[in-house]
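S.K.: fold the stuff below for me.
(one chain, ligands or ions: 1)
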Amino acid sequence: MKFDVILACGGMGERCCLGYNKLLLNAGGTTLLEKTINCFCHNDISKIIVAYNANDKATVESIVRGRDNIILCEGGASRSQSISNALKCVEEDCDFVIIHDGARCFLPKECLEKGMQNAIAYGNSVLYVNSVDSLRILDADRSQPIARSKIVRVQTPQIFKKDEIVKAYALADGNDFSDDATLYEEYIQKPIHLTYGSEENIKVTTPSDCKNLNSGLLIGNGWDTHRLDFGRKLILGGVQIPHDKGLVAHSDGDVLIHAITDAILSAMHERDIGVLFPDSDDRYKDISSVKLLQEVLNLAKSKKLAVKSVSAVIMAQKPKLSPHIPAIQSNLANIMGTEENCVSISATTTEKLGMAGREEGISVSSVAVLRQL
Ligand code: MG
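M.R.: Here you go, the predicted structure:
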């Protein structure tokens with residue numbers, strides 16, 4: 001059987017109070033819209049028709065560029081109008097149409113598959129969940145309880161035979177319905193087959209839903225090495241360490257901050273410190289690496305990201321770094337605005353092996369975890 005998908009993306013998501021369309025919200029490195037599209041990677045699904053809001057045409061086009069299974073279709077003034085427009089893009093030879101809210105990006109794969117199987121078996125399939133809250137109905141001057149067992153909450157996807165849903169929308173002739181199941185029942189006069197969905201399958205609607213969407217963490221790693229030589233200060237994590245040699249660099253050579261900065265850039269999917277602050281640029285000559293880190297933290301802030309934790313290992317034969325670790329951790333936590341226990345720095349010798357073991361240089365390996373603001 002061949003299925004096409006229609007994603008209802010015609011609204012603006014004003015209840016999220018974002019000031020922009022919620023479908024464009026960053027959802028852990030991707031947009032909410034892409035996350036929803038990715039729910040429909042399935043062998044029996046041919047095309048995904050995105051009924052978008054005309055205000056976001058250029059952004060939506062850039063999001064789906066390169067995906068040849070996506071058809072873009074301008075939405076309408078109401079949800080029903082958007083679906084009606086999208087139905088005109090459904091392929092001639094498709095058997096079923098899956099209609100889904102663009103903001104339900106957590107659809108579990110097993111729910112989609114169960115819905116598709118039941119649509120084949122029963123002619124249509126609509127996902128639902130039970131109500132966990134007690135319910136009351138409001139009338140003019142009082143409220144009355146309703147038996148919870150008699151109520152279900154209807155979700156999407158809602159799946160129909162192509163010919164029937166096309167006919168139902170033609171008969172509706174612009175009349176608006178809150179969901180497709182109601183419209184189908186009204187004009188096709190066949191019962192709806194309910195398929196149990198999932199509490200995970202929420203429609204991102206409120207500011208708190210948006211916050212949950214952004215709860216994912218980003219991770220990056222960084223590595224740096226600098227040569228040791230006489231006549232230079234040894235600075236690690238912004239702290240000057242007494243030693244007869246220091247690290248040679250265009251900047252102050254703070255190899256620890258460089259590795260941490262690269263880890264933060266990596267977590268943001270940005271290029272590395274050498275690209276952002278090239279050693280051919282005189283502005284960075286002998287600059288304190290703390291300033292470079294601060295610039296990268298500002299970049300993170302502009303992307304609504306902040307450092308959650310950092311871990312780094314310094315590989316140095318000499319000097320003995322253990323007594324300086326608390327001061328380094330404290331200084332880095334202060335710069336990055338994190339709790340002190342979120343910065344973990346350790347030091348190791350390399351048993352006199354290799355470049356670090358011969359005291360020719362110092363290397364640092366680092367991992368950074370970023371959270372969404
Ligand atoms: Mg460096």
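
S.K.: who in the stretch 201-350 of the chain is up against the ion?
M.R.: 224, 258 (Cβ under 5 Å from the ion). Heads up, the C-betas are built off the backbone N, CA and C, glycines and all.

S.K.: find the closest residue to the ion in the stretch 201-350 of the chain.
M.R.: Going by Cβ to the ion, the ion is nearest to His258 of the stretch 201-350 of the chain, at 3.6 Å.

S.K.: got the contact list for that residue?
M.R.: Neighbouring residues of His258 by Cβ atoms under 8 Å, 6 or more residues apart in numbering: 222, 224, 226, 251, 273, 289, 292, 364.

S.K.: give the contact list for Lys2.
M.R.: Contacts of Lys2 (Cβ under 8 Å, 6+ apart): 44, 46, 91, 93-96.

S.K.: can you tell me which of those are buried?
M.R.: 46, 94-96 (16 or more other Cβ atoms under 10 Å).

S.K.: so Gln158: helix, strand or coil?
M.R.: strand (DSSP: H, G, I helix; E, B strand; the rest coil).

S.K.: shouldn't it be in contact with Phe96?
M.R.: No. The criterion here is Cβ atoms under 8 Å, and Gln158 misses it with Phe96 at 10.7 Å.

S.K.: next one: the helix or strand of the chain with the lowest mean pLDDT to chain centre, how far?
M.R.: Ranking every helix and strand in the chain by mean pLDDT, DSSP states H and E puts helix 207-213 at the bottom, with a mean of 76. With Cα atoms, centre = their mean, to the nearest Å as the basis, helix 207-213 stands 12 Å off its chain's centre.

S.K.: that one: what's the following helix or strand?
M.R.: strand 218-230 (DSSP states H and E).

S.K.: what bits of the protein have low per-residue confidence?
M.R.: For the chain, the stretches flagged by pLDDT under 70 are 13-14, 16, 19, 28-29, 214-215.

S.K.: got the residue ranges for the helices in the stretch 151-300 of the chain?
M.R.: For the stretch 151-300 of the chain, helices defined by DSSP state H, counting those that start in this stretch occupy the ranges 162-172, 180-188, 207-213, 255-267, 273-276, 289-302.

S.K.: what are the buried residues along the fourth one?
M.R.: Read it as helix 255-267. Applying 16+ other Cβ under 10 Å to helix 255-267 flags 255-267 as buried.

S.K.: got it, and the longest one?
M.R.: Along helix 289-302, these residues count as buried under the neighbour rule (16+ other Cβ under 10 Å): 289-290, 292-293, 296-297, 300.

S.K.: what helix or strand is the residue of the stretch 51-200 of the chain found nearest the ion located in?
M.R.: Proximity of the stretch 51-200 of the chain to the ion (Cβ to the ion) peaks at Ser62, 34.2 Å away. Using DSSP H and E, Ser62 sits within helix 57-64.
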